[in-house]
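[1] dropping the sequence and predicted coords here.
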Amino acid sequence: MTNDPKFRMCKEKDETVAHIVSACSKIAGSLYKKRHNNVAAAIHHSICQHYEIKTTDNIWLHKPNAVTENNKAKVLWVFEIKTDRQKQARRPDLVVIDKQTKEGLIIYVAIPNDTHIVDKEREKIEKYQDLRSEIQRMWNVKARVIPIVIGAFGAMSNNLDKHLQEIPGKN
């Protein structure tokens, strides 16, 4: 038995619930990423069903392809957007191009510690503004950035419902 307060996996920070659930660098590449990808995949599934893009009926078995498309929409999954101008943020979780309305959605999912949800939401909106402008220019669509930020313990920003309503499908 040890009295060391550091979390035994990373030995960097004290072993707190918040550190284990949402801040440990040793867990970030596996458990956090899986939680993030499950949320993003559920959104992808809902969007595909909305646009009548063939997918599995079971949302939990849904495995997004990098590019999914039909005559109504194109849905990109963790796809690096090549731009004429060098941009830092070019790989959002989802990009949806509605071919009929000429609208583009840049969707980013984040699941930070509950105390960081408002800051993370603002950060994602700001981070993707240059990409939004480039997508509008290159693809001749009106684009928006939609951050989906849910705290690791379940806290939500006041804007989450509004953001979810902006995404096509049953969210």
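    Cool, the structure landed. Numbers count the residues shown, from 1 in each chain.
[2] show me the contacts for the spatially closest residue to V75 that is not a sequence neighbour.
    Excluding its sequence neighbours, the residue lying closest to V75 (Cβ to Cβ, 6 or more residues apart in numbering) is T68, at 4.5 Å. C-betas here are computed from N, CA, C, even on glycine. Going by Cβ atoms under 8 Å, 6 or more residues apart in numbering, T68 touches 44, 48, 53, 55, 74-75, 77.
[3] with K127 instead?
    Contacts for K127 (Cβ under 8 Å, 6+ apart) come out as 88-89, 108.
[4] now V78
    Residues counted as contacts of V78 (Cβ under 8 Å, 6+ apart) are 40, 66, 91-94.
[5] least confident of the residues you listed?
    Lowest pLDDT among these: R91, with 86.
[6] if I look at it, how far off is L76?
    10 Å (Cβ to Cβ, to the nearest Å).
[7] try A89
    Using Cβ to Cβ, one obtains 14 Å as the distance from A89 to L76.
[8] out of those two, which sits in the more crowded spot?
    Neighbour count, other Cβ atoms under 10 Å: between A89 and L76, L76 has more, with 23 against 17.
[9] show me the residue at the heart of the chain, geometrically.
    The residue lying closest to the centre of the chain (Cα atoms, centre = their mean) is V109, at 2.2 Å.
[10] point out where this structure drops to low pLDDT.
    Confidence mapping of the chain against pLDDT under 70 gives the ranges 1-2, 28-29, 86-87, 171.
[11] all helices in it, in order from the N-terminus.
    17-22, 25-27, 33-50, 117-127, 129-139, 160-165 (DSSP state H).
[12] next, format those helices as a markdown table and append distance to K99.
    A markdown table is the format used below for the helices of the chain (distance: least, Cβ to Cβ, whole Å):
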| stretch | distance to K99 |
| --- | --- |
| helix 17-22 | 37 |
| helix 25-27 | 40 |
| helix 33-50 | 13 |
| helix 117-127 | 25 |
| helix 129-139 | 10 |
| helix 160-165 | 21 |
